[in-house]
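Engineer: here's my sequence, what's the structure:
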Amino acid sequence: MEYKKTKPAPELAPFINFYWELVGNEHGPQWERVFPDGCAGVLINLGSDCLTDNGSLSMSYGKTYAVGAMRSFKDSLIDHDCYLIGASFKPAALTNFYEFDSQQILTNETIEFERACSFKLDRLRDQPHDYLNRFFLDRMKQPSNPMQAIINDIDVSNGHIRVQDLSKRHFTTVRQVERYFKRNIGLTPKEYSNIIRFQNAMRLIKESRLERSLSEIAFTCGYYDHAHLTNDIKRHTGMAPSQL
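Structural biologist: Numbering: from 1, shown residues only. Presented below is the predicted three-dimensional model:
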C-alpha cells in the first residue's frame with residue numbers, strides 16, 4: 001500500500017497535522033494498524049468498500065466519516081482497489097470545524113457524516129489538497145485552539161504532569177480541566193497523558209535499536225518497571241515491544 005502526507009495551509013496548521021492519502025496495491029488485502037495518539041480525523045472513501053474498526057464497520061464509496069480519538073489500536077483492511085483521503089486533526093481541534101455536544105460520542109468510533117458535513121466528491125477528485133484547504137478554511141470558527149496551552153504542557157512533559165498541576169498552572173479547577181478534555185478530545189486528561197507517555201516510550205524503543213534496556217526506557221518514561229511498560233504497549237498496540 002502507498003501512504004502519502006501533505007501539509008495544510010498555514011492558517012490551518014494550528015488545527016490540522018496533515019492531509020493523507022492511502023492507496024492499496026496489487027499485492028491484495030493488507031491489514032493496516034493505527035495506534036492511539038490523542039487525535040481525531042475525517043476521511044472519505046474513494047475506492048471499494050473498506051473494513052475498519054477491527055472489522056466491525058464497512059466504509060462505503062463516496063461517504064465521509066469522522067474518526068474519534070482512540071484508547072487502543074484500530075485495524076483496517078486495505079484491499080488492492082482501496083483509496084482513502086483524510087485529514088488528521090491536532091488534539092481538541094475537530095470541534096473548531098464540526099458541531100458535537102461532546103467528543104466522547106466519537107471515542108474509539110468511526111461515524112458517517114450527514115451529507116451537509118460531507119466532502120464534495122466531484123470537487124475533491126480534481127484538486128484534493130486545494131479543496132481540503134478551502135473546505136476547512138470556510139468552516140473554521142476561530143484562529144487559535146483555546147486548549148493548546150494545556151495540551152502543550154502535557155506534550156512537553158511527555159505525559160508526566162499531574163492534572164492538579166495543570167489546573168493550578170491554568171487558573172482553573174481539576175473538574176473544569178476534565179470537562180475540557182472530555183468535550184473537546186473525548187478522553188480524560190489522564191488518558192491523554194498516558195497516550196503521550198506511551199508514544200514517547202514507543203519512540204525511544206524504536207530509536208534505541210536495543211542499545212537501551214526496556215527497564216531503562218520504562219524508568220525514563222515514568223513507568224513503574226519493565227512489566228508496566230510492556231503491558232501498556234500491548235494495551236495500546238496489541239504487540240510486544242520487540243514487535244514495534
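
Engineer: which other residues reach the lowest-mean-pLDDT helix or strand in the chain?
Structural biologist: For the chain, counting by mean pLDDT, DSSP states H and E, helix 121-126 ranks last in confidence among helices and strands (a mean of 86). Residues from elsewhere that reach helix 121-126, judged by C-beta atoms under 8 Å, 6 or more residues apart in numbering: I44, L46, G62, I85, Y131, L132. Quick note: C-beta positions are derived from backbone N, CA and C, even for glycine.

Engineer: which one of these is nearest G68?
Structural biologist: I44 (16.6 Å; C-beta to C-beta).

Engineer: which residues touch the closest one?
Structural biologist: So, once contact is read as C-beta under 8 Å, 6+ apart, I44 ends up touching G62, K63, T64, Y65, L84, I85, G86, S118, F119, L121, L124.

Engineer: helix, strand or coil for the fifth one?
Structural biologist: In this case it means L84. State at L84, reduced to three classes by DSSP: H, G, I helix; E, B strand; the rest coil: strand.

Engineer: so who does it touch?
Structural biologist: By C-beta under 8 Å, 6+ apart, L84 lies in contact with E21, L22, V23, L43, I44, N45, L46, G47, C50, M59.

Engineer: now pLDDT too, for the residues you listed, in TSV please.
Structural biologist: TSV is the format used below for those (pLDDT from 0 to 100):
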residue	pLDDT
E21	95
L22	94
V23	92
L43	97
I44	96
N45	95
L46	94
G47	93
C50	93
M59	96
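
Engineer: okay if I get the residues you listed as JSON lines plus secondary structure?
Structural biologist: Output for the contacts of L84, formatted as JSON lines (three-state DSSP):
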{"residue": "E21", "secondary structure": "strand"}
{"residue": "L22", "secondary structure": "strand"}
{"residue": "V23", "secondary structure": "strand"}
{"residue": "L43", "secondary structure": "strand"}
{"residue": "I44", "secondary structure": "strand"}
{"residue": "N45", "secondary structure": "strand"}
{"residue": "L46", "secondary structure": "coil"}
{"residue": "G47", "secondary structure": "coil"}
{"residue": "C50", "secondary structure": "strand"}
{"residue": "M59", "secondary structure": "strand"}
